[in-house]
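Trainee: just coords:
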């Protein structure tokens, strides 16, 4: 999509950006970030009040109801803005704001029908793809904890569920069983390992959803994609200042966010390694993230919430492996792959990480208890 825009030249892009440029004139646009869903651009203005903003074309193949995303984002950001006004923090914290068009709309459609939106840019900030050290891990945890804390009093029913079924492990298990019933995949040692791994954990897939159904864990608002490069850091202080990429904010369990943040942050060799024996869950980074998170989140967490944190870490790691393996069995129809066995390799990484988490259950539970 970005190539299409480049072929059209920047004039069209500047015209679109000017729809949102209430504080000045657009002087430059450039591709921005590494996201693989929406087309994202950084817009520069000739204004002393606002130097930049972020312009995005929403991928309506993924987000089929983009107006609901914008509705969610407006409700969520306005709620947080009021919270911060009434109870200011003692450190920098910013929330991306929705910018309106000259017609006071939260989006704009171009002649092709593409859906565009603009959000404020977090100045003097940067993000990282990998965890540096324990203090970095603690800031990642603080960021997620602050994100959850600031919306803990926003009723979840006020936001629409823009991605139904997302992070519902039993549904992924059902899709896996459907793929398994029709697969023609060869029974290699790697495939057999994955088949046995999933088989041994089928009943465990329901643990969080059962707790939600029974009223043990409350429905809250969650981010949906709290990977570490969605946390912005102040370039001067190196403190976390914002959590971005808010399209997946929706009703759910905060445990999915906690688990996903730890899954992605505590695997030092990353998701794409094929050296499976090197995959492990780093409990030192886990301690850092949880110390940062629970230091803020204790304001709203219940005893039951604490009881399920370990299960969340284990479950979300298993869930991603299950999704990768199911996609491999189905012929690689969802995740982009570089070779036919790519999703199989990714699944094994997550399953090895799950094994590492399981082998350290006592230690991880002790970390949670000691911080609490």
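Mentor: Good, I have the coordinates. Since this is a predicted model, take the numbers as computed values, not measurements.

Trainee: From here on, just use CA atoms for contacts and neighbour counts.
Mentor: Noted.

Trainee: Give me the nearest residue to residue 269, chain neighbours excluded.
Mentor: Sequence neighbours aside, residue 279 is the residue nearest to residue 269 in space, at 6.2 Å (criterion: C-alpha to C-alpha, 6 or more residues apart in numbering).

Trainee: how long is stretch 77-96 end to end?
Mentor: End-to-end distance for stretch 77-96, by C-alpha to C-alpha, to the nearest Å: 7 Å.

Trainee: Please parse this structure into its domains.
Mentor: Here the domain parsing of the chain from automatic domain parsing is 2-122, 134-371.

Trainee: Do you have the helices of the stretch 1-150 of the chain handy? List them.
Mentor: Using DSSP state H, counting those that start in this stretch, the helices of the stretch 1-150 of the chain run over 2-8, 10-18, 66-86, 134-150.

Trainee: Report the buried residues of the helix or strand containing residue 286.
Mentor: Assigned by DSSP states H and E, residue 286 belongs to helix 283-297. By neighbour count with 16 or more other C-alpha atoms under 10 Å, helix 283-297 contains the buried residues 283, 285-297.

Trainee: still on that earlier bit, mean neighbour count, the domains of the chain: which tops it?
Mentor: Neighbour counts averaged per stretch over those are highest for domain 134-371, at a mean of 19; criterion: mean count of other C-alpha atoms under 10 Å.

Trainee: chain center to that domain: distance?
Mentor: Distance of domain 134-371 from the chain centroid (C-alpha atoms, centre = their mean, to the nearest Å) equals 10 Å.

Trainee: Quick one: mean pLDDT for that domain?
Mentor: Across domain 134-371, the average pLDDT comes to 94.

Trainee: ok so, going back, so which elements touch the helix holding residue 286?
Mentor: Helices and strands touching helix 283-297, by 3 or more C-alpha pairs under 8 Å, 6 or more residues apart in numbering; DSSP states H and E, are helix 134-150, helix 254-265, helix 361-371.

Trainee: What lies in contact with that helix?
Mentor: Applying C-alpha atoms under 8 Å, 6 or more residues apart in numbering, the external contacts of helix 283-297 come out as 133-146, 148-149, 262, 265-266, 363-364, 367-368, 371-372.

Trainee: same deal with stretch 335-342?
Mentor: If you take C-alpha under 8 Å, 6+ apart as the criterion, stretch 335-342 is touched by 324, 327-328, 332, 343.

Trainee: hmm, 10 Å instead?
Mentor: If you take C-alpha atoms under 10 Å, 6 or more residues apart in numbering as the criterion, stretch 335-342 is touched by 272, 274, 323-325, 327-328, 331-332, 343, 346-347.

Trainee: Endpoints of that stretch, how far apart?
Mentor: 9 Å.

Trainee: before we move on, what about stretch 301-318?
Mentor: End-to-end distance for stretch 301-318: 24 Å, by C-alpha to C-alpha.

Trainee: Number the chain from 22, please
Mentor: Okay, using 22 as the starting number, the last item reads as stretch 322-339.

Trainee: which residues does residue 92 contact?
Mentor: Neighbouring residues of residue 92 by C-alpha under 10 Å, 6+ apart: 127, 179-181.

Trainee: closest one to residue 206 among the helices of the stretch 22-171 of the chain?
Mentor: Proximity to residue 206, assessed across the helices of the stretch 22-171 of the chain by C-alpha to C-alpha, is greatest for helix 23-29 (35.5 Å).

Trainee: Quick one: mean pLDDT for that closest one?
Mentor: In this model, helix 23-29 has an average pLDDT of 47.

Trainee: Identify the residues contacting residue 343.
Mentor: Counting by C-alpha under 10 Å, 6+ apart, residue 343 touches 190, 193-194, 196-197, 215-216, 218-219, 226, 337, 349, 365, 367-369, 371-372.

Trainee: Kindly reformat the helices and strands packed on helix 304-318 as JSON lines containing distance to residue 96.
Mentor: Listed next are the helices and strands packed on helix 304-318 as JSON lines, based on distance: least, C-alpha to C-alpha, whole Å:
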{"stretch": "helix 155-171", "distance to residue 96": "13"}
{"stretch": "helix 275-286", "distance to residue 96": "19"}
{"stretch": "helix 382-392", "distance to residue 96": "32"}
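
Trainee: Tell me which of the ones you listed sits nearest to residue 145.
Mentor: Closest among the helices and strands packed on helix 304-318, using C-alpha to C-alpha: helix 155-171, at 16.7 Å.

Trainee: ok so, going back, columns distance to residue 208 on top of the helices of the stretch 22-171 of the chain, output as TSV?
Mentor: Compiled in TSV, the helices of the stretch 22-171 of the chain are given as follows (distance: least, C-alpha to C-alpha, whole Å):
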stretch	distance to residue 208
helix 23-29	40
helix 31-39	50
helix 87-107	42
helix 155-171	40
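
Trainee: That's all I had, so thanks and see you.
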